[in-house]
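Peer 1: turn this into a model:
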Amino acid sequence: MSGDGAAHGSDLPDGERLARALLTRVVEPGDEVAGRWLREWGAEELVRRLREGGRPLPGATGKRWAGMRARASRAELRRDWTSAREAGVRFVCPGSSEWPAQLDDLGDARPVGLWVRGSPNLRMWALKSVAVVGARACTEYGAHAAAALGAGLAERGWVVVSGGAYGVDGAAHRGSLAAGGATVAVLACGVDRAYPRGHTELITRIAQQGLVVGELPPGDHPTPSRFLLRNRVIAALTRGTVVVEAAYRSGALVTARAAQRLGRFTMGVPGPVTSGLSAGVHELLRGEAVLVSDAADVVELVGGIGELAPDRRGPVLPRDLLEPAAQRVLAALPGGSAATVPDIASGAQTTEEDAVARLYELRSLGFVERHDDGWKLTRQAVTAARQDRRQC
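Peer 2: Next up, the predicted model:
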């Protein structure tokens, strides 16, 4: 099997890397039995046994072993290698300098290897990445929230990872790209093809500006089970997973639960309680997931010490700029009538002398005016107070 290795430079022996590339045609993603064989026997020995026959390895029935042998005999590595080269795709596997070590947390379910399309270094990008996933048939709210998260994370130097699907995935990718940021699409098919086809332009743009990765060899097609198994890679690759809109039965929740099992951060963006697409997210938030509303919240959770989200507060109102003592005197004045100094002082819990001093201060700022023997709010102050109540 040596000789094809020069197509994609590597620091691994050609035999190991090429054997793993061939096995992506034979082993389904997430196959823990095959993962154990790889750990115990190595890729080259496994390929040799598959091609030469003999008794099935432990854990495989005769039928399954025969099927794997048939796939191994049909695999054409040279054709796959040529297709990959023409599409600008390389093969990255455990032990190579570009392999993200956090994928090893999957144990025997880790990928045999990853086909990678795009020029950035996968390992370096994965070190500071966040997954943003959610419903395919998302609402306008969900699409807006996902795009805003993608853009906000990109602006803060974080890589946005998602599955390239319709809905939340696509919105997150587009948000990152629009902000000039880095994004990675993890596909459940060969990375030389776009799925869904309606995202051909988006996947192409991601490959040009970011990375498209997958476990399946060039030209291979997706299946329902491959979509679900792909989600474990998204969860393992990133520091945390944010779910934006998801029903109770949603692939996005599979990603979040995989992240929880791996000890990664899980986050959810809340939505309307009347929406079925909020139900899955809210269920997560009742458990171990953390509520987030924007990229600052996400980075505060998954980032380094000191990367804190700004304090949340409403609009600054004119009376907020007053000293506390002046605020108390202002609050002691009735809304539509005048009040005497003793009544104002009593309401503000201060002396009459202090109340008079504060009233003259408030008059200079346009809040109050003298009215016979008393004081009252100016028309502008009454109007502003009504507007302030509407904003609160």
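Peer 1: what ranges does the stretch 201-350 of the chain have for its strands?
Peer 2: Taking DSSP state E, counting those that start in this stretch as the test, the strands found in the stretch 201-350 of the chain are 211-214, 240-244, 265-269, 290-291.
Peer 1: pairing partners for the shortest one, with directions?
Peer 2: If you go by DSSP bridges, strand 290-291 pairs up with strand 265-269 (parallel).
Peer 1: against Val212, how distant is the nearest residue to Asp220 once chain neighbours are set aside?
Peer 2: Spatial nearest neighbour of Asp220, chain neighbours left out: Gly190 (4.4 Å); criterion: CB to CB, 6 or more residues apart in numbering. (Glycine included, C-beta is placed from N, CA and C.) Distance of Gly190 to Val212, given as CB to CB, to the nearest Å: 10 Å.
Peer 1: any stretches of this structure with poor pLDDT?
Peer 2: 1-13, 305-320, 384-392 (pLDDT under 70).
Peer 1: Leu77: how many residues sit nearby?
Peer 2: 18 (other CB atoms under 10 Å).
Peer 1: isn't it up against Leu18?
Peer 2: Yes: Leu77 is in contact with Leu18 according to CB atoms under 8 Å; the separation is 6.3 Å.
Peer 1: and the closest residue to Arg49 other than its chain neighbours, which of the three is it?
Peer 2: Spatial nearest neighbour of Arg49, chain neighbours left out: Leu57 (6.8 Å); criterion: CB to CB, 6+ apart. Classification of Leu57 by DSSP: H, G, I helix; E, B strand; the rest coil places it in coil.
Peer 1: isn't Leu57 right next to Trp37, touching?
Peer 2: Yes: if you go by CB under 8 Å, Leu57 and Trp37 touch, sitting 5.5 Å apart.
Peer 1: overlap in contacts of those two?
Peer 2: Residues touching both Leu57 and Trp37 by CB atoms under 8 Å, 6 or more residues apart in numbering: Leu46.
Peer 1: can I get the strands of the stretch 201-350 of the chain in a markdown table with mean neighbour count and distance to Arg328?
Peer 2: A markdown table is the format used below for the strands of the stretch 201-350 of the chain (neighbours: other CB atoms under 10 Å; distance: least, CB to CB, whole Å):
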| stretch | mean neighbour count | distance to Arg328 |
| --- | --- | --- |
| strand 211-214 | 27 | 59 |
| strand 240-244 | 30 | 43 |
| strand 265-269 | 25 | 40 |
| strand 290-291 | 15 | 35 |
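Peer 1: buried residues of stretch 246-259, list them for me.
Peer 2: Across stretch 246-259, burial judged by 16 or more other CB atoms under 10 Å covers 246-247, 250-259.
Peer 1: need the contact list for the residue nearest to Arg49.
Peer 2: Residues counted as contacts of Leu57 (CB under 8 Å, 6+ apart) are 37, 41, 46, 49, 65.
Peer 1: and it, how far is that from Leu177?
Peer 2: For Leu57, the distance to Leu177 - CB to CB - is 44 Å.
Peer 1: repeat that for Thr274.
Peer 2: 32 Å.
Peer 1: one more: Leu359?
Peer 2: 58 Å.
Peer 1: what's in contact with stretch 373-383?
Peer 2: Here stretch 373-383 has contacts from 330, 333-341, 344, 359, 366-369, 385, using CB under 8 Å, 6+ apart.
Peer 1: got the end-to-end distance for that stretch?
Peer 2: Length of stretch 373-383, first residue to last, CA to CA, to the nearest Å: 23 Å.
Peer 1: tell me which residues in it are buried?
Peer 2: Those would be 375-377, 381, for stretch 373-383 by 16+ other CB under 10 Å.
Peer 1: repeat that for stretch 289-301.
Peer 2: Buried residues in stretch 289-301 (16+ other CB under 10 Å): 289-290, 292, 294-299, 301.
Peer 1: coming back round to it: okay if I get the strands of the stretch 201-350 of the chain as TSV plus distance to Ala172?
Peer 2: Shown next, in TSV, are the strands of the stretch 201-350 of the chain (distance: least, CB to CB, whole Å):
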stretch	distance to Ala172
strand 211-214	14
strand 240-244	8
strand 265-269	11
strand 290-291	18
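Peer 1: so how many other residues sit close to Thr61?
Peer 2: When neighbours are counted by other CB under 10 Å, Thr61 comes out with 9.
Peer 1: can you pull the contacts of it?
Peer 2: Applying CB under 8 Å, 6+ apart, no residues qualify as near Thr61.
Peer 1: report the beta-bridge partners for Val132.
Peer 2: Val242.
Peer 1: show me what contacts it?
Peer 2: Counting by CB under 8 Å, 6+ apart, the residues that Val132 touches are 146, 149-150, 153, 160-162, 168-169, 172, 241-242, 244.
Peer 1: what's the answer for Gly62, then?
Peer 2: Contacts of Gly62 (CB under 8 Å, 6+ apart): Pro56.
Peer 1: against Asp108, how distant is it?
Peer 2: 22 Å.
Peer 1: buried residues in the lengthiest helix in the chain?
Peer 2: Scanning the chain for the helix with the most residues, using DSSP state H, yields helix 140-155. Neighbour-count burial for helix 140-155 flags 141-143, 145-154 (criterion: 16+ other CB under 10 Å).
Peer 1: which other helices and strands contact the helix or strand just after that helix?
Peer 2: Proceeding C-terminally, helix 140-155 gives way to strand 159-162 as the next helix or strand, assigned by DSSP states H and E. Counting contacts by 3 or more CB pairs under 8 Å, 6 or more residues apart in numbering; DSSP states H and E, strand 159-162 packs against helix 122-126, strand 129-134, helix 140-155, helix 168-178, strand 183-187, helix 224-237.
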